[in-house]
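> Structure for this input, please:
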Amino acid sequence: VELSIMAALLLLVLVALSDASQEQQEPWMKYMLSPSNRTILPKAFRPKASAEFMNISFPIHLQGYNDSVLIDFGKEVGGITTFSFGSASNGQAINMAYSESLYYYYGGDHSNGGSGPDGFISTGSIMPNTQYSPPINHMRGGFRYLNLILTTTGSVTIDMLTLHFTPAPLMKDPSAWANHFYSSDELINQIWYGCGYTTQMCAIDPNHGRQWPPPAEGWNNNVSCGTGETILVDGAKRDRMVWPGDMGVSVQTAAVTTGDLISSQNSLNTLFKYQDPDGMLPYVGPPIAAEKKPGQEGNSDTYHLWALIGTYNVVSFSGNTDWLKQVWPQFKKGVAASTAKIDKTSNLMIVDRSADWARGGQGGANIAANSLLYGLVTSAASLASQLGEDEQAKNYTDIAVELKKAINDQLWDDKQGAFIDNPKSTLHPQDGNSLAVWFNATEADRAGRISDYLFSNWGPYGSSSPEWNGDIGTFPGSMEVHAHMVAGQASRAHDLIKLQWGYMLNKSESTQSTFWEGYHKDGSFAYQGIYMSNSHGWSTGPAAALSMYTLGLRPAGLIGSRQFLVAPQMGSLSSCSGSLEFGQGNVNVSWVRQGDQMLLTVDSTTYPMSLGKIRLPSNFTQIRHLDLSLNGVLIVTKGIKTAHMAKNVVISDNFIDIIDLPPALYQIESRVNIAQ
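Model prediction:
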């Protein structure tokens with residue numbers, strides 16, 4: 001179909017107007033990276049003769065052998081590119097190379113998992129006034145740059161180049177996220193939306209998975225990687241498969257940003273489909289899991305645990321008890337597979353399937369695995385109670401109590417103020433210590449000391465992972481952000497987010513929109529550089545930490561009970577607002593503070609039959625001097641309850657809780673009253 005230059009210009013105007021409209025809706029929409037429609041235009045181009053990028057302008061002319069132009073979409077994108085050619089000499093052809101990073105723009109980066117770069121694909125012979133799109137197997141899941149090189153001696157005119165955006169296939173408008181976040185810190189806002197966009201880039205059509213084993217040359221993204229119409233994979237460029245470890249972070253990110261839990265649910269359904277007879281879930285989904293080769297399936301104790309924790313997270317945020325009932329027998333079988341590995345003498349789980357993320361030294365009575373198991377059995381107890389299996393719930397709780405004691409008695413190094421990797425190790429890992437705090441496998445005083453220890457590992461580019469040769473792992477880094485929040489160190493969490501994620505976001509040679517698989521301690525790309533995923537779901541932990549702890553809004557109580565908690569940790573921020581969708585309704589929260597005064601607003605009017613609990617943040621719990629009013633009526637004065645709503649106010653040594661709040665609009669004002 002011929003696309004005239006006039007039509008091309010009209011398309012440019014329509015897309016620009018769409019982008020402008022998107023930004024005018026709400027103040028936080030200026031951080032939105034997702035397109036409002038699925039037709040995306042490049043932002044800039046750099047001709048061969050130029051050293052600088054220029055704003056995109058069509059038509060683009062290529063003249064003579066090896067003439068080239070580098071196209072920049074301005075951010076990470078993914079999908080099918082379509083060229084509209086104008087004039088063309090006889091028999092002309094263009095080579096195309098895709099890359100996420102500017103470092104590898106010339107010949108493209110590496111996604112296929114084979115021995116070398118993916119290389120070029122060719123348009124073949126170009127006919128004048130025609131359109132061309134690569135075959136579906138050459139759709140590119142994640143890239144920012146597209147290098148075009150004329151391989152013939154004539155000339156070609158490109159009247160228009162567009163991209164059909166394929167991530168999040170069930171979202172008509174990819175920018176219509178269920179939730180939002182907006183704070184007083186510009187960089188933190190950018191990072192929250194970057195995390196959501198990274199995870200959205202990892203939500204794909206299950207028929208767009210990566211071929212495995214790799215093709216002999218090029219790449220193939222036209223292979224089934226799971227069930228359903230949309231699925232959550234590890235990375236946009238690669239591996240484009242379901243890795244349950246990655247989902248330990250990305251499920252929560254999706255829940256608090258886009259609200260897309262269907263992709264996560266389908267990924268978990270895929271893993272349950274390949275569950276081994278012994279209850280173990282696969283280390284990775286199809287096509288690798290479908291090969292049923294020894295050593296490739298069910299060979300990771302930690303990823304098995306992450307899959308089960310991911311199941312809990314999906315149900316926790318969605319309240320989908322129907323799906324829980326469907327997978328419950330397999331879930332219990334999976335839990336049993338892990339608890340059967342608890343040594344009867346030490347009461348610690350012994351890892352015998354040691355595949356994990358890129359860390360070294362996994363195996364034995366590992367602190368990360370045992371912390372994950374503790375988090376799992378406490379979550380499983382809650383699910384069992386919800387389903388009326390009280391005896392099963394008690395069994396899980398009993399296991400949790402013994403496991404927590406064993407973890408703290410046998411793996412704690414009091415001199416270092418951190419857990420060792422296993423009883424025979426001198427290593428104090430980032431992942432295991434972060435998980436112990438995140439999943440409450442230790443006590444509050446130790447949580448604070450672990451936060452201090454993790455802080456001691458910070459360098460100029462982020463927090464190093466001792467278990468990964470001191471390099472900067474964004475997977476354990478995501479865990480660490482959560483750990484600082486749970487330890488009550490919100491300012492420290494904010495500092496780490498801005499240090500580590502700010503570095504990734506602002507590095508001009510990357511996508512400047514999405515977050516990476518991991519990098520070296522000197523700030524350079526890891527995973528061979530050319531192979532590294534610049535858009536990887538396990539790197540997105542800050543989004544959930546910011547929504548659940550800084551905004552302070554998260555699910556509470558039994559699954560399906562429609563209970564929620566608002567407990568903001570303000571840290572370095574002066575204001576914050578946001579929302580969270582719970583499956584049956586949503587809640588909006590905002591807070592602002594100035595000096596010793598705070599105004600907190602909670603709107604649960606659109607969450608029918610919900611029951612809210614508000615917990616005052618720790619930096620406003622100077623109980624003896626606190627005045628607190630609810631909707632203009634004083635409910636606490638100098639730390640003592642008034643008669644108004646007395647049954648809803650619970651004062652403890654450290655907190656003031658306002659409980660059992662039905663759907664309504666609540667405004668809570670607090671101030672420290674030091675008058676005698």
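
> Now find how far off-centre stretch 334-349 is within its chain.
Offset of stretch 334-349 from its chain centre (Cα atoms, centre = their mean, to the nearest Å): 29 Å.

> Residues touching it, excluding its own?
Residues from elsewhere that reach stretch 334-349, judged by Cβ atoms under 8 Å, 6 or more residues apart in numbering: 275, 278-281, 301, 304-305, 307-308, 350-352, 365-366, 369-370, 373, 376-377, 380, 396, 399, 402-403, 405-407, 410-411, 423. Using the backbone N, CA and C atoms, a C-beta is placed for each residue, glycine as well.

> and it, how far apart are its ends?
With Cα to Cα, to the nearest Å as the measure, the first residue of stretch 334-349 is 14 Å from its last.

> In helices, which of the contacts of stretch 334-349 fall?
Taking DSSP state H, the ones among those that sit in helices are 301, 304-305, 307-308, 369-370, 373, 376-377, 380, 396, 399, 402-403, 405-407, 410.

> Which members of those are classed as buried?
Taking 16 or more other Cβ atoms under 10 Å as the criterion, what is buried in the ones in helices among the contacts of stretch 334-349 is 301, 304-305, 307-308, 369-370, 373, 376-377, 380, 396, 399, 403, 406-407, 410.

> can you pull the contacts of Gly226?
Each residue near Gly226 by Cβ under 8 Å, 6+ apart is listed here: Pro206, Gly209, Val242, Asn266, Ser267, Asn269, Thr270, Gly285, Pro286.

> let's go with 6 Å and repeat that
Under the criterion of Cβ atoms under 6 Å, 6 or more residues apart in numbering, the neighbours of Gly226 are Pro206, Val242, Thr270, Gly285.

> go on, Ala93?
Residues counted as contacts of Ala93 (Cβ under 6 Å, 6+ apart) are Ser122, Thr123, Gly124, Ser125, Thr151, Thr152.

> Can you tell me which of the residues you listed is nearest Asp452?
Proximity to Asp452 was ranked across the contacts of Ala93 by Cβ to Cβ; first place goes to Ser122, at 56.5 Å.

> which residues does that closest one bridge with?
Following DSSP bridges, Ser122 is listed with bridge partners Asn95.

> how close does it get to Gly154?
In this structure, Ser122 lies at 15 Å from Gly154, with Cβ to Cβ, to the nearest Å as the measure.

> Counting neighbours, go ahead and name the busier of these two.
Shown here are Ser122 and Gly154; by other Cβ atoms under 10 Å, Gly154 has more neighbours (17 against 13).

> how much space is there between that one and Leu62?
In terms of Cβ to Cβ, Gly154 sits 9 Å off from Leu62.

> could you pull out the strands for the stretch 451-600 of the chain?
Here the stretch 451-600 of the chain has its strands, by DSSP state E, counting those that start in this stretch, at 458-459, 462-463, 472-473, 518-519, 553-556, 563-566, 575-581, 586-594, 597-603.

> Averaged pLDDT, the helix or strand following the last one. What do you get?
It refers to strand 597-603. Per DSSP states H and E, the first helix or strand lying C-terminal to strand 597-603 is strand 611-615. Averaging the model's pLDDT scores along strand 611-615 yields 97.

> same check, this time on stretch 273-281
When the per-residue pLDDT values of stretch 273-281 are averaged, the result is 95.

> I'd like the distance from it to the chain centre, please.
In terms of Cα atoms, centre = their mean, the centre of stretch 273-281 is found 26 Å from the chain centre.

> what about that stretch, how long is it end to end?
9 Å.

> Would you mark the buried spots in it?
In stretch 273-281, the ones that count as buried by 16+ other Cβ under 10 Å are Lys273, Tyr274, Gln275, Asp276, Gly279, Met280, Leu281.

> ok, back up a step: among the strands of the stretch 451-600 of the chain, which comes closest to Asp109?
Once Cβ to Cβ is applied to these, the stretch that comes out nearest is strand 518-519, at 15.0 Å.

> Contacts made by that closest one with the rest, please.
So strand 518-519 is in contact with Ile472, Gly473, Thr474, Phe525, Ala526, going by Cβ under 6 Å, 6+ apart.

> Highest neighbour count among the contacts of Ala93?
Among those, Thr152 has the most neighbours (other Cβ under 10 Å), with 20 neighbours.

> wouldn't that one be in contact with Gln92 here?
Yes: with contact defined as Cβ atoms under 6 Å, Thr152 counts as touching Gln92 (4.8 Å).

> Name the residues of stretch 164-172 that come out as buried.
Counting neighbours by 16+ other Cβ under 10 Å, one finds that the buried residues in stretch 164-172 are Phe165, Thr166, Pro167, Ala168, Pro169, Met171.

> What about those residues, which are in strands?
Assignment to strands by DSSP state E places the following of the buried residues of stretch 164-172 there: Phe165.

> circling back to that earlier point, turn the contacts of Ala93 into TSV, including distance to Glu509.
Below are these laid out as TSV (distance: Cβ to Cβ, whole Å):
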residue	distance to Glu509
Ser122	27
Thr123	27
Gly124	31
Ser125	34
Thr151	26
Thr152	31
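
> Show me the shaky parts of the stretch 451-600 of the chain.
Nowhere does the stretch 451-600 of the chain drop to pLDDT under 70.

> so which strand or helix has His428?
Taking DSSP H and E as the definition, His428 sits outside all helices and strands.

> and the nearest residue to it once chain neighbours are set aside, bridged to which residues?
Spatial nearest neighbour of His428, chain neighbours left out: Ala418 (4.2 Å); criterion: Cβ to Cβ, 6 or more residues apart in numbering. Partner residues in beta bridges with Ala418, using DSSP bridges, are Asp413.

> hang on, Ala418 packs against Leu454?
No: in this structure Ala418 lies outside contact range of Leu454 using Cβ under 6 Å: 7.9 Å.

> and Asp239, that one's in a strand?
No: when the secondary structure is assigned by DSSP: H, G, I helix; E, B strand; the rest coil, Asp239 falls in coil instead of a strand.

> mind listing what Thr511 touches?
Lys75, Glu76, Glu100, Arg144, Asn534.

> What are the buried residues along the particular helix or strand that has Val650 in it?
If you go by DSSP H and E, Val650 is part of strand 649-651. For strand 649-651, the buried set under the neighbour-count rule, 16+ other Cβ under 10 Å, comprises Val649, Ile651.

> go on, stretch 663-676?
By 16+ other Cβ under 10 Å, the buried positions in stretch 663-676 come out as Pro663, Tyr666, Ile668, Glu669, Ser670, Arg671, Val672, Asn673.

> Now do the same for the third one: helix, strand or coil?
To tie it back to what came earlier, the one meant is Ile668. Per three-state DSSP, the local secondary structure of Ile668 is strand.

> The closest residue to it other than its chain neighbours: how many residues sit nearby?
Excluding the flanking residues, the one nearest Ile668 by Cβ to Cβ, 6+ apart is Leu600, at 4.4 Å. By the measure other Cβ under 10 Å, the count of residues near Leu600 is 23.

> What's opposite Leu600 in the beta bridge?
When Leu600 is checked against DSSP bridges, its beta-bridge partners turn out to be Trp591, Ile668.

> how near is it to Ser629?
According to Cβ to Cβ, Leu600 stands 11 Å off from Ser629.

> What is the burial count for Ser456?
By other Cβ under 10 Å, the burial measure for Ser456, its neighbour count, is 12.

> What distance do you get for it to Gln430?
In this structure, Ser456 lies at 11 Å from Gln430, with Cβ to Cβ as the measure.

> ditto for Pro476
Distance from Pro476 to Gln430, counting by Cβ to Cβ: 4 Å.
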